[in-house]
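Engineer: what would the 3D arrangement of this be:
(2 chains)
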Amino acid sequence: MAKLGPKRPPGLITASVQPSLTRQDGVPLEAQPYVRLAPLEDLLNAARSNSLWPLTFGLACCAIEMMAAGASKYDLDRFGAGVFRPSARQADVMIFAGTISKKMAPVIKQLWDQMPSPKWSIAMGGCTIDGGPFKYPNQYAIVEGADHIVPVDVYIPGCPPRPEALINGILQLKAKIKAGRKFDPNAGEGETK
Amino acid sequence: MSEAGASLYDALAALAESSAESDYAKDGFHHRHKVAAPKLPDIAALCHEHGYVLEMITCEDQREAHDAMRLVYTFNRLSAVDRHLIQADLPPGQEAPSIVGVYHAADWFEREVYDMYGVRFAGHPELKRILLPDDADFFALLKDFGRIEDAEQEAES
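Structural biologist: Numbers count the residues shown, from 1 in each chain, chains lettered A, B, ... in the order given. Now for the predicted structure:
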């Protein structure tokens, strides 16, 4: 059965938190105030990271934990990520909460394509990391990992992860956004800055 | 057994190849019937007339043991539980008659049986894949689809 996309590099990719100051390397100190737009980017990134709007989108049992995280006890709104949007056009983070069946994969890709950039995705639970409990030889129904469909920013292990784990994942994503990201086509594969 | 339950059993027994009482406490069915596949719409119509609901349709791959695909229907009554198990053996490759004309609920059941076992239903309004992707080229629950153990041994060797 054909894979839907390239295999991701091994190892857990988590946010690499680096101070944005490192991006000034190579620029003469006296020229930095003139050529660097980093403060504006930092401001934008701070705004983006503090108003993550997830898509209202659950695939399986992990969605129950996602709902619990959004409800009053765990309250995702504390982190600005509780505004679940009913339309992909208004959302900027997709939380893969549950098993991805091959029947569902084209729909998920379409939803992802409908989301405006900048956008991020969180793979929540074992199924979205590599197929989880449904991965075995000759299986015919499951996409073995969300990264076969879309690029994934944060992986949250667990089956299902508790709401605290999801909140931690969102905090990791916030840290990743605040750290800034270089869109360098020559960057090493799997490298996130 | 109530009056209506008895009358349905008699009516089904008249159409079936063989019928038998069954121990509900033991195996969950009050009656078992073996019928010829072409009579399935008549059987379904009888059940419908008596106010029975279609609980499920499924299939068994009995090609090795009986050279047949065995269709399995379950009918039940909501007022007083009275479960009828209907089994119909179908030669492999042959179409079964659809009962969507009698029970609309059979629509998705029959699509699922087609999806998983490749049994086609004549007279179904839209017989296409329901659970597997539309471009799937296999029937996943057939015995010769592929076994987990075989694949594991291949992976090891």
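Engineer: spatially central residue in chain A, please.
Structural biologist: Geometric centre of chain A, nearest residue: A:S121, 2.6 Å, by C-alpha atoms, centre = their mean.
Engineer: partner strands of the helix or strand it falls within, with direction?
Structural biologist: According to DSSP states H and E, A:S121 maps onto strand A:120-124. Sheet pairing of strand A:120-124 (DSSP bridges) gives strand A:93-97 (parallel), strand A:154-156 (parallel).
Engineer: and B:Y114, that's in a helix?
Structural biologist: Yes - assessed by DSSP: H, G, I helix; E, B strand; the rest coil, B:Y114 belongs to a helix.
Engineer: can you get me a residue count around the closest residue to it other than its chain neighbours?
Structural biologist: Closest residue in space to B:Y114, ignoring its immediate chain neighbours: B:L127 at 5.6 Å, by C-beta to C-beta, 6 or more residues apart in numbering or on different chains. Bear in mind the C-beta positions are built from the backbone N, C-alpha and C, glycine included. By the criterion of other C-beta atoms under 10 Å in any protein chain shown, B:L127 has 20 neighbours.
Engineer: kindly report the same for B:A136.
Structural biologist: 16.
Engineer: what score does residue 101 have for pLDDT?
Structural biologist: As the question left the chain open, I've gone with chain A. Here, the pLDDT recorded for A:S101 equals 91.
Engineer: switch to chain B, please.
Structural biologist: 92.
Engineer: what does A:K119 give?
Structural biologist: Predicted confidence (pLDDT) for A:K119: 89.
Engineer: give the contact list for it.
Structural biologist: A:91-94, A:112 (C-beta atoms under 8 Å, 6 or more residues apart in numbering or on different chains).
Engineer: switch to 7 Å and redo it
Structural biologist: Residues near A:K119 by C-beta atoms under 7 Å, 6 or more residues apart in numbering or on different chains: A:92-93.
Engineer: what's the spacing between it and B:D135?
Structural biologist: Distance, A:K119 to B:D135, using C-beta to C-beta, to the nearest Å: 28 Å.
Engineer: quick revisit: out of the strands paired with strand A:120-124, deepest packed?
Structural biologist: A comparison of these by mean neighbour count, using mean count of other C-beta atoms under 10 Å in any protein chain shown, puts strand A:93-97 on top with a mean of 27.
Engineer: ok, then the element right after that one?
Structural biologist: Next along from strand A:93-97, by DSSP H and E: helix A:105-114.
Engineer: that following helix and chain B in contact?
Structural biologist: No - taking C-beta under 7 Å from any C-beta of the partner chain as the criterion, helix A:105-114 and chain B are apart, separated by no less than 8.2 Å.
Engineer: centre of the chain versus that helix, how much separation?
Structural biologist: Using C-alpha atoms, centre = their mean, to the nearest Å, the mean C-alpha position of helix A:105-114 is found 15 Å from that of the whole chain.
Engineer: in that helix, what's buried?
Structural biologist: Buried residues in helix A:105-114, defined by neighbour count with 16 or more other C-beta atoms under 10 Å in any protein chain shown: A:105, A:108, A:111-112.
Engineer: next up, the contacts around the residue nearest in space to the middle of chain B.
Structural biologist: Nearest to the geometric centre of chain B sits B:V72, at 2.5 Å (C-alpha atoms, centre = their mean). Residues near B:V72 by C-beta under 7 Å, 6+ apart: B:58-60, B:87.
Engineer: most neighbours out of those, which is it?
Structural biologist: Of those, with other C-beta under 10 Å as the count, B:C59 tops at 23 neighbours.
Engineer: element containing that residue, please.
Structural biologist: Per DSSP H and E: strand B:53-62 holds B:C59.
Engineer: what's around B:S7, how many residues?
Structural biologist: Neighbours of B:S7 using other C-beta under 10 Å come to 14.
Engineer: kindly apply the preceding question to A:I100 instead.
Structural biologist: Neighbours of A:I100 using other C-beta under 10 Å come to 25.
Engineer: before we move on, what about the one 4 residues further on?
Structural biologist: Residues contacting A:M104 under the criterion other C-beta under 10 Å number 17.
Engineer: separation between the residue nearest to it when sequence neighbours are not counted and chain B?
Structural biologist: Nearest residue to A:M104, sequence neighbours excluded (C-beta to C-beta, 6+ apart): A:L59, at 6.8 Å. Applying C-beta to the nearest C-beta, to the nearest Å, the value for A:L59 to chain B is 15 Å.
Engineer: I'd guess A:L59 is in a helix, am I close?
Structural biologist: No - using three-state DSSP, the assignment for A:L59 is coil, not a helix.
Engineer: so it is in contact with A:S101, correct?
Structural biologist: No - at 8.1 Å, A:L59 and A:S101 do not qualify as touching, with contact defined as C-beta atoms under 7 Å.
Engineer: up against chain B, what does chain A have?
Structural biologist: Going by C-beta under 7 Å from any C-beta, the residues of chain A near chain B are A:102-103, A:136-138, A:140.
Engineer: how about those residues in a markdown table, adding neighbour count?
Structural biologist: Formatted as a markdown table, the residues of chain A next to chain B follow (neighbours: other C-beta atoms under 10 Å in any protein chain shown):
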| residue | neighbour count |
| --- | --- |
| A:K102 | 19 |
| A:K103 | 16 |
| A:Y136 | 11 |
| A:P137 | 14 |
| A:N138 | 16 |
| A:Y140 | 13 |
